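A.B. asks: sequence plus predicted model, see below.
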Amino acid sequence: MSVMHIMLSLRIVVSNRVGMIVNRNLHNPSRVTSSIASPAKTSEDRDAPIEMENPYTQKKEKCILCKYNIEPDYKNVRLISQFQSRYTGRVYAKHITGLCQAQQEKVEREIHKAQHAGMMGYYTKEAEFVNDPMLFDIDNPFRPHKY
Ligand SMILES: [Zn+2]
């Protein structure tokens, strides 16, 4: 349990105590504590810290292939051509494509396979796929390059 978690629990305990004081004054316990404590709990349990998820955990960002659950395949030349430069035929690196390590490796492997099978050019992008929309902006990479 992290420090943040304990601090949150403490704050909830304090707010429960305030709620109980208010209850004594109003003689209406159900109205004030309905959002804090569940109705099944007894009055003694109200002071106990409750279990809750950390609300400050950040959402995990997913790459575009993981997000839509797309499996790159050497037979799907149209898809893997989107990760190839139209000028040099090179595969764009991870910091430009924004893919995770596993998907980037898969894309590179499938492009290599397709090139060996004669379905894709080494130095050119297939002419019919040149006007396909870009999945990423080459001029604004997801992450700056380390070199
Ligand atoms: Zn991914």
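C.D. replies: Received the coordinates, thanks. Numbering: from 1, shown residues only.
A.B. asks: I'd assumed residue 72 was in contact with residue 65.
C.D. replies: Yes - with contact defined as C-beta atoms under 8 Å, residue 65 counts as touching residue 72 (6.7 Å). Glycine gets a C-beta too; all of them are placed from N, C-alpha and C.
A.B. asks: identify the contacts common to the two.
C.D. replies: 103, 107 (C-beta atoms under 8 Å, 6 or more residues apart in numbering).
A.B. asks: what does the protein put close to the ion?
C.D. replies: For the chain, the contact set with the ion under C-beta under 5 Å from the ion comprises 63, 66, 100, 103.
A.B. asks: looks to me like the last one is in a helix.
C.D. replies: By that I understand residue 103. Yes - counting by DSSP: H, G, I helix; E, B strand; the rest coil, residue 103 falls inside a helix.
A.B. asks: my guess is it contacts residue 66, does it?
C.D. replies: Yes - counting by C-beta under 8 Å, residue 103 does reach residue 66; the two are 6.3 Å apart.
A.B. asks: shared neighbours, these two?
C.D. replies: Shared contacts of residue 103 and residue 66, defined by C-beta under 8 Å, 6+ apart, are absent.
A.B. asks: which one of these two is surrounded by more residues?
C.D. replies: Taking neighbours as other C-beta atoms under 10 Å, residue 103 and residue 66 compare with residue 103 leading, 21 against 14.
A.B. asks: need the contact list for the more buried one.
C.D. replies: Per C-beta under 8 Å, 6+ apart, neighbours of residue 103: 63, 65, 66, 72.
A.B. asks: so residue 104 touches residue 94, yeah?
C.D. replies: Yes - because the distance of 4.6 Å satisfies C-beta under 8 Å, residue 104 is recorded as touching residue 94.
A.B. asks: where in this structure is pLDDT low?
C.D. replies: 1-44, 147 (pLDDT under 70).
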